[in-house]
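A.B. asks: pasting the sequence and the predicted model now:
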Amino acid sequence: MSVSTIPMICYYNGQIVRTKTDVEYEGSETCIAPLMIPIECTFQQLIDMIYSKTTIDKRRFNLVLICKYPLRNGNRFQPFPVRDDSSVREMLDLVNTTTIEEIELYIKFVRVKAQLNQSVGGHEDLSVRDHYNAGQSVYGCGPSTGAVPNTGLDGDDDDSADEEGNDQDVNDERARDDVDVDENASSFRTFNQVLENEQGIYVSAQAPYCDVSNHQDDETLDESSPGNYHLPPTPQFEHVENLDIVVASCWTPWVQHTTGCSSGEFVIGQVFNSKSDLQEAVKIYSITAHQEYVVVASSKKLFVLKCKKAEECHCPWKLRAMVMKDTSLFVINKYTGPHTCVNPCLNRDHHQLDSNLVASHIKALIKAQFTLSTAAIQASVMEKWGYQISYKKALDGKHKAIRQFFGDFFQSYTELPRLFLAIEQSNPGSIVIWKTLEINMPNTEIFQRVFWSFKPSIEGFQHCHPVISIDGTHLYGKYKGKLLIAMGCDGNNQLFPLTFAITEGENTDSWGWFLACIRNTVTQWMGICVISDRHPGIMAAMSDPHLGWAAPSTYHRICMHHFASNFMTRFKYNVLKNLVCRAALASTERKFDKHMNTIGRINPEALQWLEAVPVQLWALSHDGGRRYGLMTTNISEVFNSVLKGARSLPVTALVQLTFFRLNGYFVARRELGANRLASDERFTPYVDAQIQSRVVKAGSMEIVLYDHVQGLFHVKSRRGQIHRLNLHKKKCTCGKTPIYGFPCSHMIAGCQHRCVDFRLFVESYYTTQSYYDTWAYLFHPIFNEDEWPLYGGPTIVPLDSMQRTGSGRPRSTRLHNEMDVREGKTSITCGLCKQMGHNRRS
């Protein structure tokens with residue numbers, strides 16, 4: 001039986017949240033409005049009914065309607081935008097075609113901005129009668145008639161043909177460096193907005209849902225433009241460990257952009273805010289229609305296009321627009337369309353889908369997630385327009401979008417001194433050390449190096465283990481360089497960012513300068529241990545007595561992974577490599593000698609190679625407890641991965657990222673330490689877990705007492721191994737207690753036998769109080785840019801030779817070795833034919 005009305009529940013005053021399988025409407029002030037909708041209801045009638053039923057002021061707010069739409073494959077729902085009569089009919093038909101008895105409609109408010117002759121939906125009606133002499137009074141419509149933000153990607157500065165001129169083959173190449181950057185915009189404020197978007201706009205990624213309402217900053221979202229109501233949701237990552245992981249495609253193309261009329265064609269008299277808006281609209285029109293055009297004429301006042309196949313197929317499509325008098329608005333005064341030509345074949349790419357349009361498309365994505373991968377950009381473009389753009393084009397578009405948010409790479413070096421002054425102003429005690437080169441230009445110096453460390457890091461390191469890990473990584477922006485970092489380790493076995501430096505590269509001089517800066521300004525800790533790889537520059541700097549890192553004031557240790565990789569590169573035998581790792585990890589000299597003898601029986605030359613390296617540098621059994629069980633440089637490698645996406649940003653953005661990331665670490669871990677202190681927890685979670693497992697093992701051990709005064713025991717484990725224990729000297733023949741800084745299971749068994757508190761054998765670095773003290777120091781917010789101190793020094797500029805000359809994806813400069821090869825992979829695969837046994841070059 002057919003029905004004449006359909007029940008509907010309207011939700012408003014809340015927010016839309018979206019999970020993998022459902023869409024809900026939540027909020028503490030959410031209201032509902034039940035409606036009975038006629039089966040022949042139109043979109044405008046539905047809007048009027050909602051206005052009359054609710055308390056929404058139609059003069060102040062436009063409505064955006066989202067229907068909870070069921071999917072066929074299982075009990076799943078997705079948001080369905082209701083924006084015209086057709087979508088209303090499809091929504092109402094759900095009652096007849098599915099098991100839904102009533103329709104759920106979610107309402108979002110969009111504030112109406114003051115405009116001329118405003119109509120429903122936020123379109124701006126501009127009369128061209130006073131500006132254009134065509135004698136017509138046509139009102140603009142479509143997405144271009146709203147206040148679309150000017151991307152600045154296709155603007156002209158002179159009367160000559162712009163980048164979309166007749167020479168189409170060089171369009172992308174010429175446009176790469178022509179991105180307009182707003183000189184009045186604050187890159188510091190922009191970076192704060194990006195970081196806030198990344199950390200707080202959406203519902204937490206740990207929750208079982210995410211917000212699809214896409215609230216944006218007022219400065220970037222023009223709510224009067226209907227095309228901006230529903231921007232595709234982008235993945236959010238709140239954990240720094242996941243910054244280099246990006247979901248390529250998790251949004252829904254909700255909005256289909258139209259141009260001048262319902263058929264999607266332009267109309268004579270249509271007005272655009274600027275020439276760049278007109279260019280972008282024409283590009284989107286051509287991509288959607290799968291047609292291409294060529295530029296006949298282009299200047300600051302005129303823009304003429306025609307179909308690319310006009311002569312070949314006699315296609316009449318042509319567009320002519322010119323600037324309105326005394327304005328920057330462009331109006332279409334001649335238009336012939338649509339296209340009548342057809343394409344002879346399917347194309348994978350589109351000529352008008354250039355890097356400028358890609359930058360405009362991903363601008364919202366980059367703002368929400370500046371570590372967005374190039375592959376994710378390619379997937380986004382494919383999902384939106386159905387074209388597979390090249391890696392180079394996607395990367396160029398990403399660089400242009402980054403430049404719009406974070407400023408110019410060259411200018412960032414000039415702004416860097418003032419940023420550091422602002423950091424030192426708000427966080428007194430922070431250290432910044434410069435090294436520049438003088439040139440034959442007045443008041444100008446060449447950037448060579450800069451070192452920085454924040455005051456909370458300097459103070460907090462005093463409560464960490466006396467161990468630092470150093471490493472270097474490449475910068476991937478417009479200018480080459482290296483980022484050197486030094487990391488500590490807190491009582492919970494977590495990384496502790498200590499110092500950073502940007503240098504021209506990794507060499508003996510740069511590493512010596514970096515380590516000297518640490519020694520002179522950050523820590524003079526005697527007996528500190530430094531873990532690194534065997535880079536020649538590091539080895540030379542650590543042995544230089546003038547830098548303060550030579551023995552016996554410090555202890556140098558090398559990373560086991562890098563050492564084993566060097567060994568594998570020389571001998572190429574996995575069995576030997578595994579034996580080297582076992583020897584390095586052995587806690588006693590007896591076990592170490594056993595593995596070394598095995599290596600010597602298999603390959604005497606390999607044994608000689610190992611014996612040529614001082615054993616205390618790489619073997620835990622000969623370490624003397626200096627490295628606290630840290631066998632690798634993983635703590636610095638992990639932070640390198642955290643900064644992976646930021647290493648392609650301008651240097652000012654990179655420095656700001658280190659500031660805000662470290663503040664995030666301090667806030668979260670300070671709270672953890674405070675909570676554990678309030679709960680009267682004596683040790684950190686890491687040590688608690690280690691001791692609990694050792695207590696369980698100690699319960700199954702046999703103990704024989706020899707001297708109750710000295711606390712001499714022998715302890716027999718469940719496997720039958722016997723260890724000698726001396727509680728008075730805090731020694732056990734297993735060797736683990738001095739290595740790790742907390743008691744082994746044999747010592748715990750002896751303490752339990754004599755009713756001695758084994759917690760006395762835990763070093764102070766592992767206590768909750770030390771952990772809290774490590775992260776207790778506060779980062780103070782950087783002042784507004786207009787309150788920053790004035791910089792009166794020379795202008796800092798980058799060295800021309802450090803600029804990357806090639807375009808597209810930078811050539812990898814990483815020295816690949818055995819660690820870059822996955823275990824068990826014995827053959828290579830061609831990147832072109834996907835066959836095994838050869839590569840694309842062979």
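C.D. replies: Yep, it's here. Residues are numbered from 1 along each chain as shown.
A.B. asks: please enumerate the strands of the stretch 251-400 of the chain.
C.D. replies: Counting by DSSP state E, counting those that start in this stretch, the segments of the stretch 251-400 of the chain that form strands are 271-272, 293-298, 302-307, 318-323, 330-336.
A.B. asks: direction included, what does the third one pair up with?
C.D. replies: This means strand 302-307. strand 293-298 (antiparallel), strand 318-323 (antiparallel) (DSSP bridges).
A.B. asks: mean neighbour count added to these, as a markdown table?
C.D. replies: Every C-beta, even on glycine, is put in place using the N, C-alpha and C of the backbone. Below are the strands paired with strand 302-307 laid out as a markdown table (neighbours: other C-beta atoms under 10 Å):
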| stretch | mean neighbour count |
| --- | --- |
| strand 293-298 | 18 |
| strand 318-323 | 20 |
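A.B. asks: nearest to residue 729, out of the ones you listed?
C.D. replies: If you check each of these against residue 729 by C-beta to C-beta, strand 293-298 wins as the nearest, at 85.6 Å.
A.B. asks: chain center to the closest one: distance?
C.D. replies: The gap between where strand 293-298 is centred and where its chain is centred comes out at 38 Å by C-alpha atoms, centre = their mean, to the nearest Å.
A.B. asks: do stretch 509-524 as well
C.D. replies: So, by C-alpha atoms, centre = their mean, the centroid of stretch 509-524 is 29 Å from its chain's centroid.
A.B. asks: any buried residues in that stretch, and which?
C.D. replies: Neighbour counts over stretch 509-524 (16 or more other C-beta atoms under 10 Å) mark 510-519, 522-523 as buried.
A.B. asks: cool, and stretch 519-538?
C.D. replies: By 16+ other C-beta under 10 Å, the buried positions in stretch 519-538 come out as 519, 522-523, 525, 528-533, 535, 537-538.
A.B. asks: okay, and which of those residues map to helices?
C.D. replies: In this view, these that belong to helices under DSSP state H are 537-538.
A.B. asks: residue 319 and residue 306, how far apart?
C.D. replies: Look at residue 319 and residue 306: by C-beta to C-beta, to the nearest Å, they are 8 Å apart.
A.B. asks: can you check which residues contact both of those two?
C.D. replies: Residues touching both residue 319 and residue 306 (C-beta atoms under 8 Å, 6 or more residues apart in numbering): residue 293.
A.B. asks: adding mean pLDDT and distance to residue 792, write the strands of the stretch 251-400 of the chain out as a markdown table.
C.D. replies: Below are those laid out as a markdown table (pLDDT from 0 to 100; distance: least, C-beta to C-beta, whole Å):
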| stretch | mean pLDDT | distance to residue 792 |
| --- | --- | --- |
| strand 271-272 | 92 | 45 |
| strand 293-298 | 94 | 44 |
| strand 302-307 | 95 | 46 |
| strand 318-323 | 95 | 44 |
| strand 330-336 | 93 | 45 |
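A.B. asks: any chance of those in JSON lines with distance to residue 777 as columns?
C.D. replies: Listed next are the strands of the stretch 251-400 of the chain as JSON lines, based on distance: least, C-beta to C-beta, whole Å:
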{"stretch": "strand 271-272", "distance to residue 777": "53"}
{"stretch": "strand 293-298", "distance to residue 777": "57"}
{"stretch": "strand 302-307", "distance to residue 777": "58"}
{"stretch": "strand 318-323", "distance to residue 777": "57"}
{"stretch": "strand 330-336", "distance to residue 777": "55"}
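A.B. asks: between these, which one is nearest to residue 743?
C.D. replies: When these are compared by C-beta to C-beta, strand 271-272 sits nearest residue 743, at 74.6 Å.
A.B. asks: so the nearest residue to residue 420 once chain neighbours are set aside bridges to which residues?
C.D. replies: Nearest non-adjacent residue to residue 420, counting by C-beta to C-beta, 6 or more residues apart in numbering: residue 432, 4.5 Å away. Beta bridges link residue 432 to residue 452, judged by DSSP bridges.
A.B. asks: among the strands of the stretch 251-400 of the chain, which is nearest residue 605?
C.D. replies: Closest among those, using C-beta to C-beta: strand 293-298, at 68.3 Å.
A.B. asks: where does the residue nearest the centre of the chain fall, phi/psi-wise?
C.D. replies: With distances taken as C-alpha atoms, centre = their mean, the residue of the chain nearest its centroid is residue 371 (3.0 Å). Per-residue torsions, residue 371: phi -90, psi 20 (degrees, to the nearest 10).
A.B. asks: how about residue 517?
C.D. replies: When read as degrees, to the nearest 10, the backbone of residue 517 gives phi -60, psi -40.
A.B. asks: now do the contacts for it.
C.D. replies: By C-beta under 8 Å, 6+ apart, the contact list for residue 517 reads 431, 433, 451, 499, 501.
A.B. asks: just for the stretch 551-700 of the chain, where's the confidence low?
C.D. replies: In the predicted model, the stretch 551-700 of the chain carries pLDDT under 70 at residues 644-645.
A.B. asks: typo on my end, the stretch 51-200 of the chain
C.D. replies: 73-74, 113-200.
A.B. asks: would you list every one of the strands in the stretch 501-650 of the chain?
C.D. replies: For the stretch 501-650 of the chain, the strands defined by DSSP E, counting those that start in this stretch cover 528-532, 554-558.
A.B. asks: and the helices in the stretch 301-450 of the chain, which stretches?
C.D. replies: According to DSSP state H, counting those that start in this stretch, the stretch 301-450 of the chain carries its helices in the segments 310-313, 355-368, 374-385, 391-406, 409-426.
A.B. asks: show me the one of those helices that comes nearest residue 45.
C.D. replies: Comparing the helices of the stretch 301-450 of the chain under C-beta to C-beta, the one sitting nearest is helix 374-385, at 31.9 Å.
A.B. asks: what's the angle between the closest one and helix 355-368?
C.D. replies: Interaxial angle, helix 374-385 versus helix 355-368 (axes from the mean of the first three to the mean of the last three C-alpha atoms, to 10 degrees): 110 degrees.
A.B. asks: angle of helix 374-385 against helix 391-406?
C.D. replies: Angle, helix 374-385 to helix 391-406, by the same axes, to 10 degrees: 100 degrees.
A.B. asks: hey, C-alpha coordinates of helix 374-385 in PDB?
C.D. replies: In PDB, the C-alpha atoms belonging to helix 374-385 read as follows (Å, rounded to 0.1, in the frame of the first residue of the first chain):
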ATOM      1  CA  THR A 374      52.600  11.700  -2.300                       C
ATOM      2  CA  ALA A 375      50.900   8.400  -2.900                       C
ATOM      3  CA  ALA A 376      47.900   9.600  -0.800                       C
ATOM      4  CA  ILE A 377      47.700  12.700  -3.000                       C
ATOM      5  CA  GLN A 378      47.600  10.600  -6.100                       C
ATOM      6  CA  ALA A 379      44.900   8.400  -4.600                       C
ATOM      7  CA  SER A 380      42.900  11.500  -3.700                       C
ATOM      8  CA  VAL A 381      43.100  13.000  -7.200                       C
ATOM      9  CA  MET A 382      42.100   9.600  -8.700                       C
ATOM     10  CA  GLU A 383      39.100   9.300  -6.400                       C
ATOM     11  CA  LYS A 384      37.900  12.900  -7.100                       C
ATOM     12  CA  TRP A 385      38.500  13.100 -10.800                       C
END
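A.B. asks: this completes my enquiry, with thanks.
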